[in-house]
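Colleague: pasting the structure only:
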Ligand SMILES: [Zn+2]
């Protein structure tokens, strides 16, 4: 059986330029992203707190906006505020963000930006089509993205559509999927 969370290497996460509304953002993974991002970005958001390269001296230094998210977790309480701020930054500059694999946390921010910039679209489907098919990984990430959509009916449709895909990844990570049930050890009872 093919496990859904088998280690997937996606070198295109070295810094992929993706459209959000009328603007462009760069998404990546700290496993692959290099110092070229310094030349492109005006604001960098390491979602895993890692900047995996040295800044090149003599060149413009992008602003670094620390926004750590919990790996395989959800989003903070003020997520809508953070996403609005970053969408504004993307419209006035060049926003680059990344996490470790480039799927969960990076996908969550990309889908959240799409949710605000293009509220009539399905932000998870769009993030997966524009960024990577593996983007958005947990139920709490899905909930955080869906909450940004203005229409309750659209929220319900998008949540229902993607529930199965995120819950499978989440259960796989937690070892609850595709593992044989372990027989309970027999214990000898003394009379
Ligand atoms: Zn990928």
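Modeller: Thanks, I have it. Fair warning: this is a prediction, and the values are worked out from it, not measured in the lab.

Colleague: which regions of this protein lie under the pLDDT threshold?
Modeller: 1-7, 176-191 (pLDDT under 70).

Colleague: and the strand ranked longest in it, what's buried?
Modeller: What stands out as the longest strand in the chain, according to DSSP state E, is strand 23-29. Residues of strand 23-29 classed as buried by neighbour count (16 or more other C-beta atoms under 10 Å): 23, 25, 26, 27, 28, 29. Just so you know, the C-beta spots here come from the backbone N, C-alpha and C atoms, and that holds for glycine as well.

Colleague: equivalent analysis for stretch 98-118, please.
Modeller: Neighbour count says stretch 98-118 has 98-117 buried, by 16+ other C-beta under 10 Å.

Colleague: now, which of those residues lie within helices?
Modeller: 104-117 (DSSP state H).

Colleague: could you dump those residues to TSV with distance to residue 65?
Modeller: Formatted as TSV, those follow (distance: C-beta to C-beta, whole Å):
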residue	distance to residue 65
104	19
105	14
106	14
107	18
108	16
109	11
110	16
111	18
112	15
113	14
114	19
115	19
116	17
117	18
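
Colleague: could you list which of those also contact the ion?
Modeller: Filtering those for proximity to the ion by C-beta under 5 Å from the ion leaves nothing.

Colleague: nearest to residue 149 among those?
Modeller: residue 115 (5.5 Å; C-beta to C-beta).

Colleague: got the contact list for the closest one?
Modeller: Residue 115 makes contact with 83, 123, 145, 146, 148, 149, according to C-beta atoms under 8 Å, 6 or more residues apart in numbering.

Colleague: same question, residue 29
Modeller: Contacts of residue 29 (C-beta under 8 Å, 6+ apart): 10, 13, 14, 98, 99, 100, 101, 102, 106.

Colleague: what do you get for residue 151?
Modeller: Residue 151 touches residue 119, counting by C-beta under 8 Å, 6+ apart.

Colleague: hmm, back to that, now, the most widely separated pair of the contacts of residue 115?
Modeller: Farthest apart among the contacts of residue 115 by C-beta to C-beta are 83 and 146. That separation is 12.7 Å.

Colleague: tell me the angle the helix ranked longest in the chain makes with helix 104-117.
Modeller: Identified as the longest helix of the chain according to DSSP H is helix 152-173. Per axes from the mean of the first three to the mean of the last three C-alpha atoms, to 10 degrees, the angle that helix 152-173 makes with helix 104-117 is 170 degrees.
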